[in-house]
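# quick one: sequence and predicted model below, then my questions.
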Amino acid sequence: MLQAEGGGASAGLFRACAARRAGVLRDLEGPALLPAGQAAPRNYPANRHPFRASSHFLHLVGAALPGAWLLLDGEATLYVPTPGPDDALWHGPVPGPGALAEQLGLAVRPLEALARAVGDRAPATVTAQDAATRSDQGAWARDAEADARLADALIASRLVHDEAAIAELRDAAAATVAAHLAGMGHTAPGRREWAVRAEMEAALGRRGMGTAYGSIVSVHGEVLHNEHHDGVLAAGDLLLADVGAETRTGYAGDVTRTWPVSGRFSPTQRAVYEVVLAAQAAAIDRVAPGVRYRDVHLAAARRLTEGLVDLGILRGDVDGLVEDDVHALFFPHGIGHLLGLDVHDMEDLGDRAGYAPGRTRSGRFGLGYLRLDRDLQPGMAVTIEPGFYQVPALLADDARTARAGDRLVRSALARFSDVRGIRIEDDVLVTATGHEVLTRALPSAPESVEAEVGRCIA
């Protein structure tokens with residue numbers, strides 16, 4: 001089917017895609033192929049899952065075209081499948097190659113001509129999934145060095161966002177803010193998690209958007225990626241919602257808020273919430289050009305540890321607690337990640353994208369889950385998302401807790417049993433002079449969050 005699914009791209013975005021293609025082409029030494037991918041069927045071919053094109057393809061083309069391939073070979077050429085004889089019946093009229101070429105600003109050819117254009121060469125590609133998709137047009141040879149050059153060219157192109165991408169990220173941020181306000185406003189004791197999730201995703205749908213990832217809406221915030229939504233909200237619970245918009249052209253928002261189901265934090269909940277909020281503020285304050293993202297993470301870790309010492313949950317020297325990863329018993333993940341066309345942008349390329357050349361992932365418990373270790377540059381977008389979690393499996397793990405020793409004060413921790421998990425996350429753009437919080441319109445101060453809870457319920 002020749003159709004730009006997930007439309008909504010502007011002429012400005014297509015112009016930006018042309019500039020991106022030119023930049024990637026300059027970094028290549030031979031041909032490269034990037035597939036849009038195909039919609040996966042549910043049980044039978046005509047019943048398809050929603051199609052979402054490859055992010056690398058979207059970055060360079062700007063439109064979701066099932067079955068299409070982009071060939072970079074001195075110039076860019078798009079190869080698209082010829083519509084079937086009954087496509088217009090089932091799917092409506094589709095643009096011809098000429099109209100598509102004019103819209104996208106690049107040459108368009110029929111997919112049948114791709115094998116001839118590639119010949120017996122080994123075009124670069126970027127993922128194993130692409131290799132499987134490639135069987136549609138024959139099994140071309142692989143060239144590991146060429147694949148690496150293409151990966152590096154794509155990383156260089158996607159790491160720093162252009163103005164068109166930043167505009168999309170702003171749209172995603174605004175929709176994400178609206179979704180969270182809807183979720184807070186429709187929260188009340190006795191409701192199901194899925195009812196709040198539905199209100200949040202409806203707010204995105206009203207803006208013509210979907211979700212950038214599976215929504216997390218749970219009273220069990222200690223489960224970091226909780227995919228279940230059948231719990232009943234009870235007075236005294238905290239509801240953790242990690243929900244982000246995806247724009248019609250594929251750009252992501254990613255925000256977490258945690259709010260009291262009853263509309264008021266308990267004293268213990270508020271105390272821990274304020275510690276997490278202070279850790280987030282310390283991390284955001286560090287975001288600026290030239291700052292190493294690892295240091296942003298450590299700033300949050302230190303501030304969180306200071307707060308836990310103040311609450312009596314931990315005791316000892318703050319720097320020593322962080323160095324020994326004692327804080328990671330409650331904050332095991334990294335401070336955030338890149339944000340763009342993927343919610344965890346370019347993680348299909350692994351640490352090659354997230355880690356600067358010469359840097360490798362740490363073996364330390366408190367740093368091993370850090371997804372990004374680069375020096376920040378203007379135009380990069382990142383999330384900042386510290387948290388506090390009481391994960392039973394961690395707190396019962398003798399190997400993990402042995403290093404803490406008596407610096408972990410379990411008697412004090414027991415007073416905070418009504419805090420399962422708290423995370424506060426915002427989307428942050430690195431600017432020439434510092435940073436901009438794209439999701440700043442969403443309240444995070446405890447009294448402002450409390451004011452939003454239940455306000456939409458008659």
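Cool, the structure landed.

# element containing residue 319, please.
helix 318-323 (DSSP states H and E).

# need the residues that contact that helix.
Outside of helix 318-323, the residues within contact range by Cβ atoms under 8 Å, 6 or more residues apart in numbering are 298, 301-302, 305-306, 309, 314, 327, 366, 407. Any C-beta I mention is one placed from the backbone N, CA and C, and that applies to glycine too.

# and with 6 Å instead?
Here helix 318-323 makes contact (Cβ atoms under 6 Å, 6 or more residues apart in numbering) with 301-302, 305-306, 314, 327.

# by contact count, what packs against the next helix or strand after it?
Sequence-wise, the next helix or strand downstream of helix 318-323 (DSSP H and E) is helix 351-354. Of the remaining helices and strands, none touches helix 351-354 by 3 or more Cβ pairs under 6 Å, 6 or more residues apart in numbering; DSSP states H and E.

# residues of helix 351-354 that come out buried?
For helix 351-354, burial by neighbour count (16 or more other Cβ atoms under 10 Å) applies to 353-354.

# can you get me the centre-to-centre distance for that helix and its chain?
15 Å (Cα atoms, centre = their mean, to the nearest Å).

# for the helix or strand that that helix is followed by, which helices and strands make contact with it?
Proceeding N to C from helix 351-354, the next assigned helix or strand is strand 381-384, under DSSP H and E. Packing partners of strand 381-384 (3+ Cβ pairs under 6 Å, 6+ apart): helix 267-286, strand 426-430.

# now render the ones you listed as JSON lines, adding mean pLDDT.
Formatted as JSON lines, the helices and strands packed on strand 381-384 follow (pLDDT from 0 to 100):
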{"stretch": "helix 267-286", "mean pLDDT": "98"}
{"stretch": "strand 426-430", "mean pLDDT": "99"}
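
# centroid residue for the protein?
With distances taken as Cα atoms, centre = their mean, residue 343 lies nearest the centre of the chain, 1.6 Å away.

# pLDDT wise, what is it at?
On the pLDDT scale, residue 343 is placed at 97.

# one more: residue 84?
Turning to residue 84, the model gives it a pLDDT of 87.

# and for it, the neighbour number?
Residue 84 has 12 neighbours, counted by other Cβ atoms under 10 Å.

# check the one 3 residues further on too.
Residue neighbour count, defined by other Cβ under 10 Å, stands at 16 for residue 87.

# pull up the gap between it and residue 100, please.
Per Cβ to Cβ, to the nearest Å, residue 87 is found 14 Å from residue 100.

# just want the angle from the helix or strand containing residue 301 to helix 267-286.
Here residue 301 sits within helix 293-310, counting by DSSP H and E. Helix 293-310 runs at 150 degrees relative to helix 267-286, counting by axes from the mean of the first three to the mean of the last three Cα atoms, to 10 degrees.

# which strands and helices lie in contact with helix 293-310?
Judged by 3+ Cβ pairs under 6 Å, 6+ apart, helix 293-310 is in contact with helix 267-286, helix 318-323.

# so which of the ones you listed is the most packed in?
With neighbours defined as mean count of other Cβ atoms under 10 Å, those peak in mean count at helix 267-286, which reaches a mean of 20.

# which other helices and strands does the longest helix seen in the chain contact?
For the chain, the helix with the greatest residue count under DSSP state H is helix 163-185. Under the contact definition 3+ Cβ pairs under 6 Å, 6+ apart, helix 163-185 sits against helix 11-26, helix 193-205, strand 245-246, strand 255-260.
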